[in-house]
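**Q** no letters, just coordinates:
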């Protein structure tokens, strides 16, 4: 766990023994389940610690940790094997977390992992973002909507922004092409009620490439027609 400890210190995050024990259990469960289901292509220990755990925790550069600990509502869209949501929950247990995932085998893993780690205030939902975005209990209800490696920005904001309350934020983890992606999503972001606040560069120990957190403020209500039916945001993204 040394690389995780050193990396989090550089992010000004202090991990306790309890945190490290939970991350160790997370790693063991991920590797065990990955033998049966293809949950992640990253299987070496160092890769998981840096590219999954540390990368997820870098989201704290864009989030208000005090608000998280006070019970902020957070949704992780297309969470996969729980990233970035579950590492954030381990470090900020006060947050109310929803994990949204469309692949059932990954949902099974998430439900098992949440129970195994005894995490409270975590809800796992097996559904597509285009569907959840129209449900009254979820539409414009979240303080933060997060996503990592889910889709290109014009598509991704149609998944995220309908779920964020006015005054909340969408945070997308992106690679070195983040600025170009955001430029291509200008119309989509404005149409859906968002406004780009900033791109925060993230340098992680053990990774050569610079990553970015794209922070989008929700400044106006999302029009009722969005998100469009499943598949449409990807097939016909809002561009221009």
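**A** On my side now, so go ahead. As the structure is a computational prediction, the values presented were derived from the model and not from experiment.
**Q** average pLDDT for the strand ranked longest in the chain?
**A** Once the chain is assigned using DSSP state E, the strand that runs over the most residues is strand 164-174. The average pLDDT for strand 164-174 rounds to 98.
**Q** ok, and what's touching that strand?
**A** If you take CB atoms under 8 Å, 6 or more residues apart in numbering as the criterion, strand 164-174 is touched by 55, 58-59, 62-63, 84, 140-149, 153, 156-157, 160-161, 181, 193-194, 197, 211-221. C-beta coordinates here come from the backbone N, C-alpha and C atoms, glycine included.
**Q** next SSE after it?
**A** Downstream of strand 164-174, the next assigned helix or strand under DSSP states H and E is helix 178-184.
**Q** list of residues touching that following helix?
**A** With CB under 8 Å, 6+ apart as the test, helix 178-184 has contacts from 152, 153, 154, 174, 189, 196, 199, 211, 212, 214, 239.
**Q** go again using 6 Å as the cut-off
**A** Here helix 178-184 makes contact (CB atoms under 6 Å, 6 or more residues apart in numbering) with 153, 199, 212, 214.
**Q** list the buried residues of it.
**A** Residues 178, 181, 182, 184 are the ones in helix 178-184 that count as buried (16 or more other CB atoms under 10 Å).
**Q** stretch 225-237 too?
**A** By neighbour count with 16+ other CB under 10 Å, stretch 225-237 contains the buried residues 226, 227, 233, 237.
**Q** tell me the one among those nearest to residue 73.
**A** Set against residue 73, the nearest of the buried residues of stretch 225-237 by CB to CB is residue 227 (18.5 Å).
**Q** what sits against that closest one?
**A** 130, 133, 158, 162.
**Q** follow-up on the earlier one: nearest to residue 43, of the contacts of helix 178-184?
**A** Nearest to residue 43 among those, with distances taken as CB to CB, is residue 212, at 25.7 Å.
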